[in-house]
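>>> could you look at this predicted model? Sequence included:
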Amino acid sequence: MKNTVERRDTELRKTRDEVNRLVKNWRALLDIMPEMVFLIREDYVIEYMNPYAISVFGDLREKFCYDVMCRCNLKNKEAQVACPFKTTCSDKHEKALYEKRIGKIDVEYSSVPFQGYMDDKLVMVVMRDVTDRKRHEQALKNFHNNIEEVLQQKISELKESEKVRAQLSQQVHSLRNKLKIADQTDEMVGNCRQMRELREMVYQVADTDTTILISGESGTGKELVANLVRNHSSRRDKSFLKVNCNAINDNLLESDLFGYEKGAFTGAVSRKKGKFEVVDKGTIFLDEIGDISPKMQSALLRILQNGEIIRVGGNKPIMVDVRVIAATNIDLARAVQDGKFRLDLYYRLNIINIVIPPLRERKEDILDLTSHFIKVYRKAFKKEIDFVPDAIINRLLMHDWPGNIRELENVIQRAVLMAKNNMITEHDLVFDISPTTDSQSNYLYQIDDKLAMLSLKDVISELERDIIVFSLKKNNGNVHQSAISLQIGKTALYDKMKRHDISVKSLKK
């Protein structure tokens, strides 16, 4: 019996020594851990703190854990309720990683319940100082917030700038249109009665959507009037397209104006909008409208009546809102009588007919037009033309101007280019001697009658004489200018004048 007791005491002593050794080793391990370690008894008293924990919180062994975790003025009961360690001792505890600020430091901790060797309940708390990390996280968060705030501010500024830019762009666009209108209005030079009435009519009808027909001879400025109408209309800020109907063949004109569907013809690899679709809400100027084919007349009538087009190769009507300004240099009423132009289309086009007078019927504007073109081309050619002799003015006034303003512009352009010593002389003026007026046509017809009664040799001689006389008359007896017009030398012209007995004095105007 005694041996048994001694043997058990020995075994118990060995077991106790082994436990003490294990506890000592275990605590040695905890002492060197880089985290703060707490052992807490069931009564919330701290039994153990490793050196790192003591260095941070001080020696709190044998003190309540909530004195560490809840450093506040709470009473013990309230502190116990607030203590996060308490939940660790409960049966509902779930392993988790917690964060808390204790005093001036931020910690991250986890706690695990276990049973001591004497069947006592203990809680191990492993705690890590994350103050620096939290500070960096907060700094990063603040940085992100600042960046977000700055970005939002910049976005707001950009939106405001974009709004201001859009307003400025609109103002600039409006000012440019006004300047363009002013410039183009000034280009419509002339103050005779016909031009004053024409301007008044343009201003009266421009701000409507009525179709306008502009009539006049070639070179009178029909496109300029179309610009004036558009620039004083409510559509002046919208698209404006110009189409010369005589410059494109019928098939190309149809696809150009109305567009085409994919596969409508060879080469139509994709759908394409026509000019009427492109210029929707805007204005289109159809020049030489009198030359379009009957098929195109029908298509144009559909637009004017119903405001719709059909693409080439398609069958679906497409609605468009386009103001049409048309122009012609032929007599459309006569074309209707001759069966070359549809009567219903003529009525649709001829709601407002602006007729531009030829230059020969408004010769009082020749001086203003001449002055205008001299200003334009002396700037273009970098010349200082500051004097135009009366003789030049008289020749300009005496000319019939079959080519109208375009011819006058060409004459002045050449004269400014050829002028020397800052002055236009008679030698610088070159007129088109092609007879176009009725009187000139009759004159040549009389020559033809005479030619029929003469031999070939006499025909050539008589024709040569008449051409020389005609040129000298046109150039007011200027032999040098006539030689240039006839493309022969001055000496050769004098010889021919002598042979035909032509006197310069009798030919001067």
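Received, thanks.
>>> contacts, neighbours, all on C-alpha from now
Noted.
>>> low-confidence regions, the stretch 351-500 of the chain specifically.
432-456 (pLDDT under 70).
>>> quick one: the helices in it?
366-380, 390-398, 404-418, 438-451, 456-474, 479-486, 490-499 (DSSP state H, counting those that start in this stretch).
>>> out of those, which is closest to Gln171?
The closest of those to Gln171 is helix 366-380. By C-alpha to C-alpha, the value is 28.7 Å.
>>> with just CA atoms, put that closest one into CSV.
The C-alpha trace of helix 366-380 is given here as CSV (Å, rounded to 0.1, in the frame of the first residue of the first chain):
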residue,chain,number,x,y,z
ILE,A,366,-21.2,100.0,-113.7
LEU,A,367,-19.1,102.6,-111.9
ASP,A,368,-19.9,101.0,-108.5
LEU,A,369,-19.3,97.5,-109.8
THR,A,370,-16.0,98.6,-111.4
SER,A,371,-14.8,100.2,-108.2
HIS,A,372,-15.7,97.1,-106.3
PHE,A,373,-13.8,94.7,-108.6
ILE,A,374,-10.8,97.0,-108.7
LYS,A,375,-10.6,96.9,-104.9
VAL,A,376,-10.9,93.1,-104.9
TYR,A,377,-8.3,92.4,-107.5
ARG,A,378,-5.8,95.1,-106.6
LYS,A,379,-5.7,93.4,-103.2
ALA,A,380,-5.4,90.0,-104.8
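>>> quick one: the strands in the stretch 101-250 of the chain?
105-115, 121-129, 212-215, 240-244 (DSSP state E, counting those that start in this stretch).
>>> give the partner strands of the last one in its sheet and their orientations.
Same thing as strand 240-244. Sheet pairing for strand 240-244, assigned by DSSP bridges, gives strand 283-287 (parallel).
>>> how far away is the nearest residue to His500 once chain neighbours are set aside from Ile502?
Take His500 and drop its neighbours on the chain: the residue closest to it by C-alpha to C-alpha, 6 or more residues apart in numbering is Arg465, 6.2 Å away. Distance, Arg465 to Ile502, using C-alpha to C-alpha, to the nearest Å: 8 Å.
>>> what does Ser156 give?
In this structure, Ser156 and Ile502 are 87 Å apart, going by C-alpha to C-alpha.
>>> the more surrounded of these two?
Counted by other C-alpha atoms under 10 Å, Ser156 and Ile502 do not tie: Ile502 has more neighbours, with 17 against 12.
>>> so which bits of stretch 381-389 are buried?
By neighbour count on 16 or more other C-alpha atoms under 10 Å, the buried set for stretch 381-389 is Lys383, Glu384, Ile385, Val388.
>>> which one of the residues you listed is nearest Asn3?
Distance ranking of the buried residues of stretch 381-389 against Asn3, using C-alpha to C-alpha, places Lys383 first at 141.4 Å.
>>> contacting residues for the closest one?
Residues near Lys383 by C-alpha atoms under 8 Å, 6 or more residues apart in numbering: Val416, Asn422.
>>> and if you look at Lys238?
Lys238 sits next to Val279, Lys281, Gly282, Thr283 when contact means C-alpha under 8 Å, 6+ apart.
>>> if you set the cut-off to 10 Å instead, what comes out?
Arg230, Asn231, Val279, Asp280, Lys281, Gly282, Thr283 (C-alpha atoms under 10 Å, 6 or more residues apart in numbering).
>>> possible to save those as a markdown table with neighbour count, distance to Leu332 and pLDDT?
What follows is these, written out as a markdown table (neighbours: other C-alpha atoms under 10 Å; distance: C-alpha to C-alpha, whole Å; pLDDT from 0 to 100):
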| residue | neighbour count | distance to Leu332 | pLDDT |
| --- | --- | --- | --- |
| Arg230 | 28 | 23 | 93 |
| Asn231 | 24 | 26 | 91 |
| Val279 | 18 | 26 | 94 |
| Asp280 | 17 | 27 | 94 |
| Lys281 | 17 | 28 | 94 |
| Gly282 | 22 | 26 | 95 |
| Thr283 | 25 | 22 | 96 |
